[in-house]
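Enquirer: Sequence and predicted structure, then a few things I'm wondering about:
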Number of protein chains: 2
Amino acid sequence: MTAPRYDVLGIGNAIVDVIAKADEEFLVREGLAKGSMALIDEERAETLYGKMGPTIEASGGSAANTLAGIGSFGGKAAFIGKVKADQLGAAFRHDITAIGVDFPTAAATEGVSTARCFILVTPDGERTMSTYLGACQALSVDDIDEAAVKDAAVTYLEGYLWDPPAAKEAFRKAAGIAHEAGRQVALSLSDSFCVDRYRAEFLALLKDGVVDILFANEGELKSLYETGDIETALSAVAIDAKLAAVTLGAKGCAVIQGDERIDVPAAALESAIVDLTGAGDLFAAGFLYGHTNGLGLKRSAELGGLAAAEVIQHVGARPQVELKALGQERGLI
Amino acid sequence: MTAPRYDVLGIGNAIVDVIAKADEEFLVREGLAKGSMALIDEERAETLYGKMGPTIEASGGSAANTLAGIGSFGGKAAFIGKVKADQLGAAFRHDITAIGVDFPTAAATEGVSTARCFILVTPDGERTMSTYLGACQALSVDDIDEAAVKDAAVTYLEGYLWDPPAAKEAFRKAAGIAHEAGRQVALSLSDSFCVDRYRAEFLALLKDGVVDILFANEGELKSLYETGDIETALSAVAIDAKLAAVTLGAKGCAVIQGDERIDVPAAALESAIVDLTGAGDLFAAGFLYGHTNGLGLKRSAELGGLAAAEVIQHVGARPQVELKALGQERGLI
């Protein structure tokens, strides 16, 4: 097996974040469950946007954020996802390629517009998301770049891909190609509501060995195993997953590989939490950068924690400093 | 004369800011004069954007930033400026109306796209701007809402309006309507390069009484009078302008009205300067809010300093907290 061209190839929803500050009352008034991600249609998107305060726009998307993080660490990464050939789609393409990530997927030239995620950030830094999937719904098996998947050490997939109708098949096709080429497949559970929607399928992916590496946070893992006790959930995932990296908020993370368990405390914050958007995505970025560069599980988890800490100290879901320099400064790479 | 419907009506270029961090070397390599605003064509815009790192997008435009600030203070404001009916134009409209500013100007349905200002922020917080005027070039006398101008205590105009071909006429028309209705006209000099381009015309506007209130920073005022000595420039403007508010960076500002001169120190900063974009625009917002609400010159200048201090402590040219609450907290309103 030749050395892979990419450390990580990710497949996900290509989304532009539309970010505004909001108070708790706004969430209640709009019927938004705090901390969750809800899917909305175009009409609701227009209505909600009309009620939001002034926004800033920044590229987002769960897997895309992870790849931007890997690019920022100096890793080799590629992204497969669908934008429309419109202004937001052009901005998405600019941002992910500007950070050094290959983006081979052609933009849709017709149909609905580039996806938007309306993110309301409350004063505590928690984010509540409403996603209009738009052009993401056009992602299909035809968009899977076989050569690129074969040439990636890890193919990384976001659970949110279960939402658009055809993306799930693209996901399965990519996983098949990756395994045939002797590569690994990783899955992020995305959020606990997403797990609720697709629990049986996600469990089957683990038990059937379609997924080698699982990323989850505490809420997602508890939802997956329908338990209120995180230790029970961790014991269960130790059996089902070959490798699992579970983030535990301020408690850090636990990495589980068979009988082995490594607990890593959270990275220290220099300032207050501003916006939690992207925390899980950037944890996955650091972990996968370390994992694919042979740095070991503990060091990989520490890099994940470092990247997550950076992203929650500012607005927006992608790194604002070079993670490579940050990792070197901390003596981790 | 009835009480005006608006404290301030502003006319300016309707621009979306595209913001990236950059180092000094990038500016030198791209031939960009640090701290300046240069006009660029569409081709150069594409080339420069392609070379920039990941960006965030946020509504901008000098006068528009000022009106957003007045809206944030709880003032009554309206904006006249030209966007295209595209995604960036829709974002611009959303952001200015979401902060409570009326925006009666129809979007252009054909022609070039909504204007973009590519802002490169260096580690010292200084910003270097390259503006593609796009749809702003379509602003014309037909866009001047006569009733709105008549009904505004102050009509505020940015010097940058001299750049697009027809906007200057719109400016003169609006100034004429305002004065006929017994209202005041204010002008911001925008930047020292802009003053360099239109010095004779700007001086004539002052001397001929077309402009009642002048906003300038130190560099702009020195450029206007072609002197290296700020005191000389301040003495000159005391003769030419009925009222001038001149910002002096960390030294605060000087307000000049005939023989009277009020010096106000800069507001204290809670954190480091992050991005100087919008400092002058927000000073004008605070000053005009105070002036049109009868708070006196000193208090108005203090409100200007407060708003400017808020905007330079984060990325982006519009307030991120409610300026009304901030002003009340400081006992200024």
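Expert: Alright, I've got the coordinates. Everything numeric in this text was worked out from a predicted model, so none of it was measured.
Enquirer: For chain B, what's the nearest residue on the stretch 151-300 of chain A?
Expert: residue A:271 (8.9 Å; C-beta to the nearest C-beta). Bear in mind the C-beta positions are built from the backbone N, C-alpha and C, glycine included.
Enquirer: got a list of what that residue touches?
Expert: Going by C-beta atoms under 8 Å, 6 or more residues apart in numbering or on different chains, residue A:271 touches residue A:313.
Enquirer: Could you check how far it is from residue A:330?
Expert: Residue A:271 sits 17 Å away from residue A:330, going by C-beta to C-beta, to the nearest Å.
Enquirer: for residue A:110, same thing?
Expert: As judged by C-beta to C-beta, residue A:110 and residue A:330 stand 47 Å apart.
Enquirer: Could you say which helix or strand holds residue A:324?
Expert: If you go by DSSP states H and E, residue A:324 is part of helix A:323-329.
Enquirer: which residues touch that helix?
Expert: With contact meaning C-beta under 8 Å, 6+ apart, helix A:323-329 is reached by A:69, A:72-74, A:285-286, A:303, A:306-307, A:310, A:333.
Enquirer: Residue A:317: which of the residues you listed is nearest?
Expert: Closest approach to residue A:317 among the contacts of helix A:323-329 (C-beta to C-beta): residue A:69, at 9.6 Å.
Enquirer: Contacts only, for the closest residue to the closest one other than its chain neighbours.
Expert: Closest residue to residue A:69 apart from its sequence neighbours, by C-beta to C-beta, 6 or more residues apart in numbering or on different chains: residue A:285 at 2.6 Å. Shown in contact with residue A:285 (C-beta under 8 Å, 6+ apart): A:65-70, A:72-73, A:304, A:307, A:323.
Enquirer: can you tell me which of those residues are in helices?
Expert: A:65-70, A:72, A:304, A:307, A:323 (DSSP state H).
Enquirer: All the strands of the stretch 1-150 of chain A, in order from the start?
Expert: With strands called from DSSP state E, counting those that start in this stretch, the stretch 1-150 of chain A shows them at A:6-11, A:15-21, A:37-39, A:56-59, A:77-80, A:115-121, A:127-132.
Enquirer: Any chance of JSON lines for these, columns mean pLDDT?
Expert: As requested, the strands of the stretch 1-150 of chain A are exported to JSON lines (pLDDT from 0 to 100):
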{"stretch": "strand A:6-11", "mean pLDDT": "98"}
{"stretch": "strand A:15-21", "mean pLDDT": "97"}
{"stretch": "strand A:37-39", "mean pLDDT": "94"}
{"stretch": "strand A:56-59", "mean pLDDT": "97"}
{"stretch": "strand A:77-80", "mean pLDDT": "98"}
{"stretch": "strand A:115-121", "mean pLDDT": "97"}
{"stretch": "strand A:127-132", "mean pLDDT": "97"}
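Enquirer: quick one: the spatially most central residue of chain A from chain B, how far?
Expert: The centre of chain A sits closest to residue A:62, judged by C-alpha atoms, centre = their mean, with a distance of 3.1 Å. The gap separating residue A:62 from chain B is 16 Å, by C-beta to the nearest C-beta, to the nearest Å.
Enquirer: Repeat that for residue A:10.
Expert: Distance of residue A:10 to chain B, given as C-beta to the nearest C-beta: 16 Å.
Enquirer: before we move on, what about residue A:149?
Expert: Distance, residue A:149 to chain B, using C-beta to the nearest C-beta: 25 Å.
Enquirer: I'd assumed residue A:179 was in contact with that residue.
Expert: No. Counting by C-beta atoms under 8 Å, residue A:149 stays clear of residue A:179, with 10.1 Å between them.
Enquirer: circling back to that earlier point, and residue A:110 and residue A:330? Which one has more around it.
Expert: Applying other C-beta atoms under 10 Å in any protein chain shown to residue A:110 and residue A:330 shows that residue A:330 carries more neighbours, namely 13 against 8.
Enquirer: pretty sure that one contacts residue A:307?
Expert: No. Using C-beta under 8 Å, residue A:330 is not in contact with residue A:307, being 11.0 Å away.
Enquirer: re earlier: just to check, the residue nearest to the centre of chain A is in contact with residue A:17?
Expert: No. Here residue A:62 does not reach residue A:17: they are 10.9 Å apart, not a contact under C-beta under 8 Å.
Enquirer: nearest residue to residue A:102 other than its sequence neighbours?
Expert: residue A:78 (4.0 Å).
Enquirer: Contact partners for residue A:275?
Expert: Counted by C-beta under 8 Å, 6+ apart, residue A:275 has contacts A:19, A:121, A:125, A:127, A:312, A:314-316.
Enquirer: roughly how far apart are residue A:83 and chain B?
Expert: Applying C-beta to the nearest C-beta, the value for residue A:83 to chain B is 12 Å.
Enquirer: Repeat that for residue A:119.
Expert: Counting by C-beta to the nearest C-beta - residue A:119 and chain B are separated by 13 Å.
Enquirer: what pLDDT does residue A:1 get?
Expert: Listed pLDDT for residue A:1 reads 59.
Enquirer: pLDDT on stretch A:206-224, on average?
Expert: 97.
Enquirer: Tell me the buried residues in that stretch?
Expert: A:206, A:210-224 (16 or more other C-beta atoms under 10 Å in any protein chain shown).
Enquirer: what does stretch A:73-85 give?
Expert: Buried residues in stretch A:73-85 (16+ other C-beta under 10 Å): A:73-84.
Enquirer: Pull the most distant pair out of those residues.
Expert: Of all pairs in the buried residues of stretch A:73-85, the most separated under C-beta to C-beta is A:74 and A:84 at 30.7 Å.
Enquirer: If anything else comes up later, I'll come back, but that's it for now.
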